[in-house]
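Asker: Here you go, sequence then predicted model.
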Amino acid sequence: MSTTLSHFRSRVPSLFSELRREMDSVFSRFLGPDFLEEGNGDGMTWFSPLVNVAETDDEFEISVDLPGIKLEDVNVELRDNDLWITGERKEEHEEKQKNWHRIEHRYGQFRRVIPLAHNVDAEKIDAEYKDGVLKILVPKTESAKPKRIAIKG
């Protein structure tokens, strides 16, 4: 009896294609639909700042690393229980020496979309930007907080 790998080989590209589609879908959901684009035609590119999300009984605690980005270039919005953190990095560094001159530019837009629970108190969301770190506290409503149930014995 002869076995061949032709069936396996023909499936491998489709398996990887399917995996890539799934991964693209995951990145698009959490980082925004334009994340996978190299640029948008105006010289800007997308980058993804690091984000930490923690959930406590009372709130979501989110911190975003945005070194070198000015406060006025950052926007935070709550849309359909998703927290949208968007902005733009505009950075220029110039060095001059006796026989050389270097100017480096780093530009890019970012978008992070963080899905939250449906029971958040939108009126009490607090955001603070300090030393390149954006901290956002998203309180939960009373109905979303865990409730201790007494056990009768």
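Answerer: Nice, I can see it.
Asker: what about dumping the CA coordinates of the one helix or strand residue 102 maps to to PDB?
Answerer: For residue 102, the host element (DSSP states H and E) is strand 101-115. Included here for strand 101-115 are C-alpha records, laid out as PDB according to Å, rounded to 0.1, in the frame of the first residue of the first chain:
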ATOM      1  CA  HIS A 101      23.400  66.800  10.300                       C
ATOM      2  CA  ARG A 102      20.700  64.300  11.100                       C
ATOM      3  CA  ILE A 103      16.900  64.800  11.400                       C
ATOM      4  CA  GLU A 104      14.700  61.800  12.300                       C
ATOM      5  CA  HIS A 105      10.900  61.900  12.000                       C
ATOM      6  CA  ARG A 106       8.500  59.400  13.500                       C
ATOM      7  CA  TYR A 107       4.900  59.900  12.700                       C
ATOM      8  CA  GLY A 108       2.000  57.500  13.100                       C
ATOM      9  CA  GLN A 109      -1.600  57.100  14.100                       C
ATOM     10  CA  PHE A 110      -2.800  54.600  16.600                       C
ATOM     11  CA  ARG A 111      -6.200  53.100  17.600                       C
ATOM     12  CA  ARG A 112      -6.800  50.700  20.400                       C
ATOM     13  CA  VAL A 113     -10.400  49.400  21.000                       C
ATOM     14  CA  ILE A 114     -11.000  47.700  24.300                       C
ATOM     15  CA  PRO A 115     -14.400  45.900  24.700                       C
END
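Asker: State the mean pLDDT of that strand.
Answerer: Taken as a whole, strand 101-115 carries a mean pLDDT of 80.
Asker: which of the residues in that strand are buried?
Answerer: Neighbour-count burial for strand 101-115, counted by 16 or more other C-beta atoms under 10 Å, picks out 108, 109, 110, 111, 112, 113, 114. C-beta here means a position set from N, CA and C on the backbone, and glycine is covered the same way.
Asker: Likewise for stretch 70-78?
Answerer: Judged by neighbour count (16+ other C-beta under 10 Å), stretch 70-78 contains these buried residues: 74, 76.
Asker: starting at the chain centroid, how far to that stretch?
Answerer: Its chain's C-alpha centre and that of stretch 70-78 lie 13 Å apart, by C-alpha atoms, centre = their mean, to the nearest Å.
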